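K.L.:
Sequence below, structure please.
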Amino acid sequence: MNVTVDTYRFKTALTGLKRLATLPAEDKQACIDAYRFFQRMQAGEATETEDETRAVADYYKVLNNMLSVFDLEKLYIPPMLDADKGLYDNQILTEEALLTDLALADPGGSHLLDMGCGRGRIAHHLATLTGGQVSGYNIDPDQVQNAIDWAARSRMSDRLHFKVGNHHDPLDYPSESFDGCFSFQAVWPFFKKEELDAHAAEMYRVLRPGARYACSEYLLTPFFDWDDEEHVALHRLYLPTLAATQSMYPADVCAALERAGFRIVLSAPSRSEAWPLCEQKRDLILHGRRLVRLLEKARIAPAWIEESLELLQTGGEAWTRAERAKIADLNWRIVAEKP
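P.N.:
Model (predicted):
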């Protein structure tokens, strides 16, 4: 890895630490309340979509800064496609593979939609690869502003376009605007089953004929059994860590896409497991917790960071067990084409 990228990661981590230390008290409390809300959901409490969406926004407002410290600025863990490379390089490989799945006829003249764009780093990578344009939306205004600032810094504001948006609202784009759309662990974990059709229809509307949707998304595998107590116990532990509100089966998502008019080209497990990379980050978080404890004693870091890291670590360990049991997949692949 070149020195420029390593320097960038160091600066990103340092900026994340600074932002965590200076977050307003109400933002920190909202993040903790959101996590507890997710836990109550997993315990069976009935919740409304509007409240779930608000909790996701509150959680990600803090989480995106926390995970940027641990080299997770893109907020997704990819499959380990190359065991000799780390998380970032495996993200790059995963994004390149997804671009291949989009099968763009004219990459340089293309306009893609990044659904749940976060800080816009994936959009930046795909725009760099294609030479075309990428638009993106995200529920968190802070991440969207970060994406806009990064596009300006990299002199790509003419090809990268970001706005605040919510999956549950109609997409704020004209019909047949895009030559493809994509998502990385950002769409299907936030919909109840009865809400899938509306979003699939919006995806279909904004794509041009012949365009594809491709994803690398968290989904349950067909082996997950809601009547299995161990499966449900693991699910209860790991889902809040993913900042997800729902868990769908691939068949549910594909059925909604087909009802919208898409033709399913592919629905398959990830090319490789993500848990080895999850364990790498778990170990890094463990070391980070030791540092945080020292900073807390020196009154430099607030106590809530240690509590949050502990929750992330516990949930991460549950995820590893779930993926190794092949009952859940962080990077299930779906490719769907608009005729």
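K.L.:
Which parts of the stretch 151-300 of the chain are helices?
P.N.:
According to DSSP state H, counting those that start in this stretch, the stretch 151-300 of the chain carries its helices in the segments 196-206, 229-241, 250-260, 275-297.
K.L.:
Give me the helix or strand of the chain that scores worst on average pLDDT.
P.N.:
Sorting the helices and strands of the chain by mean pLDDT, DSSP states H and E puts helix 3-22 at the bottom, at a mean of 59.
K.L.:
Reformat the helices of the stretch 151-300 of the chain as CSV; add mean neighbour count and distance to Ala268.
P.N.:
(Each C-beta comes from the backbone N, C-alpha and C, glycine too.) Rendered in CSV, the data for these read as follows (neighbours: other CB atoms under 10 Å; distance: least, CB to CB, whole Å):
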stretch, mean neighbour count, distance to Ala268
helix 196-206, 20, 19
helix 229-241, 19, 21
helix 250-260, 19, 8
helix 275-297, 16, 18
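K.L.:
worst average pLDDT in the ones you listed?
P.N.:
With a mean of 66, helix 275-297 has the lowest mean pLDDT of the helices of the stretch 151-300 of the chain.
K.L.:
is it fair to say Leu112 lies in a strand?
P.N.:
Yes. Assignment of Leu112 by DSSP: H, G, I helix; E, B strand; the rest coil places it within a strand.
K.L.:
re the thing from before, adding distance to Gly116, write the helices of the stretch 151-300 of the chain out as a markdown table.
P.N.:
As requested, the helices of the stretch 151-300 of the chain are exported to a markdown table (distance: least, CB to CB, whole Å):
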| stretch | distance to Gly116 |
| --- | --- |
| helix 196-206 | 11 |
| helix 229-241 | 17 |
| helix 250-260 | 15 |
| helix 275-297 | 20 |
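K.L.:
Quick one: closest of these to Tyr60.
P.N.:
Judged by CB to CB, the one of the helices of the stretch 151-300 of the chain that comes nearest to Tyr60 is helix 229-241, at 12.7 Å.
K.L.:
returning to what we had before: among the helices of the stretch 151-300 of the chain, which is nearest Trp332?
P.N.:
When the helices of the stretch 151-300 of the chain are compared (using CB to CB), the closest one is helix 250-260, at 5.6 Å.
K.L.:
and the closest one, what other elements does it pack with?
P.N.:
Counting contacts by 3 or more CB pairs under 8 Å, 6 or more residues apart in numbering; DSSP states H and E, helix 250-260 is packed against helix 196-206, strand 207-220, strand 263-268, strand 328-337.
K.L.:
I'd like to know which of these is closest to Lys163.
P.N.:
Lys163 lies closest to helix 196-206 among the helices and strands packed on helix 250-260, at 13.4 Å (CB to CB).
K.L.:
got the angle for that closest one vs helix 250-260?
P.N.:
In terms of direction (axes from the mean of the first three to the mean of the last three CA atoms, to 10 degrees), helix 196-206 departs from helix 250-260 by 50 degrees.
K.L.:
ok, and what's touching helix 196-206?
P.N.:
For helix 196-206, the surrounding residues in contact (CB atoms under 8 Å, 6 or more residues apart in numbering) are 113, 115, 167-168, 170-171, 173-178, 181, 187-188, 191, 213, 248, 252-253, 255-257, 259-262, 338.
K.L.:
are any of those buried, and which?
P.N.:
The neighbour count (16 or more other CB atoms under 10 Å) marks 113, 115, 167-168, 171, 173, 177-178, 181, 187-188, 191, 213, 248, 252-253, 255-257, 260, 262, 338 as buried among the contacts of helix 196-206.
K.L.:
State the mean pLDDT of stretch 163-181.
P.N.:
96.
K.L.:
ok now it, how far from the chain's centre?
P.N.:
Once both centres are worked out by CA atoms, centre = their mean, to the nearest Å, stretch 163-181 turns out to sit 17 Å from its chain's centre.
K.L.:
what's in contact with that stretch?
P.N.:
Taking CB under 8 Å, 6+ apart as the rule, stretch 163-181 contacts 49, 53, 102, 104-106, 109-116, 132, 135-141, 144, 187, 190-191, 195, 198-199, 202-203, 205-209, 211-214.
K.L.:
let's see it at 6 Å
P.N.:
Stretch 163-181 has contacts (CB atoms under 6 Å, 6 or more residues apart in numbering) with 102, 110-113, 115, 137, 139, 141, 144, 190, 199, 202, 205-208, 211-213.
K.L.:
List every C-alpha atom in it, with coordinates, as CSV.
P.N.:
Extracted C-alpha coordinates of stretch 163-181, given in CSV (Å, rounded to 0.1, in the frame of the first residue of the first chain):
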residue,chain,number,x,y,z
LYS,A,163,-27.8,14.6,-1.5
VAL,A,164,-29.6,13.7,1.7
GLY,A,165,-32.2,11.0,1.0
ASN,A,166,-34.2,8.2,2.7
HIS,A,167,-34.8,4.8,1.2
HIS,A,168,-38.4,4.9,2.4
ASP,A,169,-39.3,8.0,0.4
PRO,A,170,-39.7,8.2,-3.4
LEU,A,171,-36.2,8.6,-4.9
ASP,A,172,-35.5,12.3,-5.7
TYR,A,173,-34.4,11.6,-9.3
PRO,A,174,-36.2,11.7,-12.7
SER,A,175,-37.3,8.5,-14.3
GLU,A,176,-34.8,6.6,-16.5
SER,A,177,-31.9,8.8,-15.1
PHE,A,178,-29.3,6.1,-14.5
ASP,A,179,-27.3,3.4,-16.4
GLY,A,180,-27.0,1.3,-13.3
CYS,A,181,-27.4,1.4,-9.5
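K.L.:
All set now, cheers.
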